[in-house]
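Engineer: Predicted model follows, preceded by the sequence.
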Amino acid sequence: MYAPKHYAVNDRAKMLDFIKSNGFGILFSHTGSEPWPAICPSSWMRTAVSKD
């Protein structure tokens, strides 16, 4: 996936905080004549072996 450098986030803690506070993402595809958004729910599960 293309992500412009000015939008890049390399701080893992910031990424995890964002994922935890926003339980979805949007995937865009193209139908041939217009963009088509799809909401993709997400969750973050901590496990005993996880460092987060």
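Structural biologist: Received it, and whenever you're ready, just let me know what you need.
Engineer: going forward, measure contacts between C-alpha atoms and count neighbours the same way
Structural biologist: Noted.
Engineer: Return the backbone torsion pair for the residue in the chain sticking out farthest from the centre.
Structural biologist: Using CA atoms, centre = their mean, the residue of the chain lying farthest from its centre is residue 33. It sits 25.6 Å away. When read as degrees, to the nearest 10, the backbone of residue 33 gives phi -120, psi -20.
Engineer: how close does it get to residue 19?
Structural biologist: 31 Å (CA to CA, to the nearest Å).
Engineer: Ok, residue 25 next?
Structural biologist: 9 Å.
Engineer: which residues do the two both contact?
Structural biologist: residue 42 (CA atoms under 8 Å, 6 or more residues apart in numbering).
Engineer: returning to what we had before: what's the residue farthest from the centre of the chain in contact with, if anything?
Structural biologist: Residue 33 touches nothing, counting by CA under 8 Å, 6+ apart.
Engineer: Can you read off the pLDDT for residue 45?
Structural biologist: We have a pLDDT of 67 for residue 45.
Engineer: no wait, residue 36
Structural biologist: In this model, residue 36 carries a pLDDT of 90.
Engineer: Check residue 6 too.
Structural biologist: Per the predicted model, pLDDT is 92 at residue 6.
Engineer: immediately after the worst-scoring helix or strand of the chain on mean pLDDT, which helix or strand?
Structural biologist: Every helix and strand of the chain was ranked by mean pLDDT, DSSP states H and E. The lowest is helix 12-21, at a mean of 84. Following helix 12-21 in sequence order, the next helix or strand is strand 24-30 (DSSP states H and E).
Engineer: May I have the strands that pair with the helix or strand that that following strand is followed by, each with its orientation?
Structural biologist: The element immediately downstream of strand 24-30 (helix or strand, assigned by DSSP H and E) is strand 35-41. Strand pairing for strand 35-41, determined by DSSP bridges: strand 24-30 (antiparallel).
Engineer: Now do the contacts for residue 15.
Structural biologist: With contact taken as CA under 8 Å, 6+ apart, residue 15 is in contact with residue 9.
Engineer: make that residue 38, sorry
Structural biologist: Residue 38 touches 26, 27, 28, counting by CA under 8 Å, 6+ apart.
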